[in-house]
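[1] Have a look at this prediction, sequence included:
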Amino acid sequence: MQGTINASHHALDHGLAVNLAGGSHHAFADHGEGFSVFNDIAVAIRVLQRDRGLERAAVIDCDVHQGNGTAAIFAADPHVFTCSFHAQRNYPFHKATSSLDVALPDGTDDVAYLAALQAHLPRVLAQFRPQLVWYLAGVDPYAGDRLGRLALSLQGLAQRDAYVLTTCRRAGIPVVVTLGGGYATRLDELVEAHCQTVRVAYQVAQAVPACRV
Ligand SMILES: [Zn+2]
C-alpha cells in the first residue's frame, strides 16, 4: 500500500517508478476478494488527488483478470479513467464496468495482444490526457500461467511492457508500475517475467526522455 503511494509521488516527481508489489485490483471500497485485501492503486490515486492536486489519473490494467475493484471504486469519478485488458472468460465472472474494457478471447497470443494495445492505448492517452498513469503489469497473460487463459510468451510480455511504458513516456505522462498477478507453473519463469518488467522500465527510462505535457 505505502509502496504504491511512495512510487506514485516518485513518478510524479521523476517520471517513472516501480513498486515491487501492489496491483491488488480486486479489492473494493468495502471488501476484498481475489487475493486482494486493499486496493493500493485506488488509495494512491485518492492520496495524490488530495495532496498533489491530481485532476486526471488513468489506470492501465494489463493483469489478465479484469480490474473489477478499481473499476467499481472510480465508476462515478470522471477524474479517473480505468482501462482493463483482460481474458474475457476468466475471473471475475461478474465483471464491473471500467471506462474501457478490452475483453480478449482465450489463447490470445503476442501479436493479437499487442494489436489490442495499439488499437486503444494511444487514443486513451490522447483523449483523456492523464497526468499520471498507474500501469498494472500482471504477468498472468503468460502462456505458462495456471490462471491465465491467454498465450503470451515471455518476449510478448516484455513487448507489452515496453509498448505501454514507451507510449506513455513519449506522450510526456509519468508512470507508476505495480506488479499484479502471476501464477506460472514454473517459478523461474514467473520470477523472470516480473524481473523483465523492471528491466524494461529501466531501459525505457534510459532510452526515452521524459517530457512534461
Ligand atoms: Zn490476475
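    Perfect, thanks for sending it. Numbers count the residues shown, from 1 in each chain.

[2] Let me see the contact set for the closest residue to the ion within the chain.
    Evaluated by Cβ to the ion, the chain has residue 181 as its residue closest to the ion, separated by 2.9 Å. C-beta here means a position set from N, CA and C on the backbone, and glycine is covered the same way. Residues counted as contacts of residue 181 (Cβ atoms under 8 Å, 6 or more residues apart in numbering) are 23, 35, 63-65, 138-140, 147.

[3] Just the buried residues of these.
    Of the members of the contacts of residue 181, the ones counted as buried by neighbours, 16 or more other Cβ atoms under 10 Å, are 23, 63-65, 138-140.

[4] Which helix or strand contains the closest residue to residue 120 other than its chain neighbours?
    The shortest distance from residue 120 to any non-neighbouring residue, by Cβ to Cβ, 6 or more residues apart in numbering, is to residue 102 (5.9 Å). Secondary structure here is read from DSSP states H and E; on that basis residue 102 sits in strand 100-104.

[5] Just the residues contacting that strand, thanks.
    With contacts defined as Cβ under 8 Å, 6+ apart, strand 100-104 is touched by 66, 71, 81-88, 95, 112-113, 116, 120, 124, 150.

[6] And the contacts of whichever helix or strand comes after that strand?
    Proceeding N to C from strand 100-104, the next assigned helix or strand is helix 110-128, under DSSP H and E. Judged by Cβ under 8 Å, 6+ apart, the contacts made with helix 110-128 from elsewhere in the structure are 56, 58, 60, 62, 81, 83, 85, 100, 102, 104, 108, 133, 141, 150, 152-153, 155-156, 159-160, 163-164, 167-168, 171, 173.
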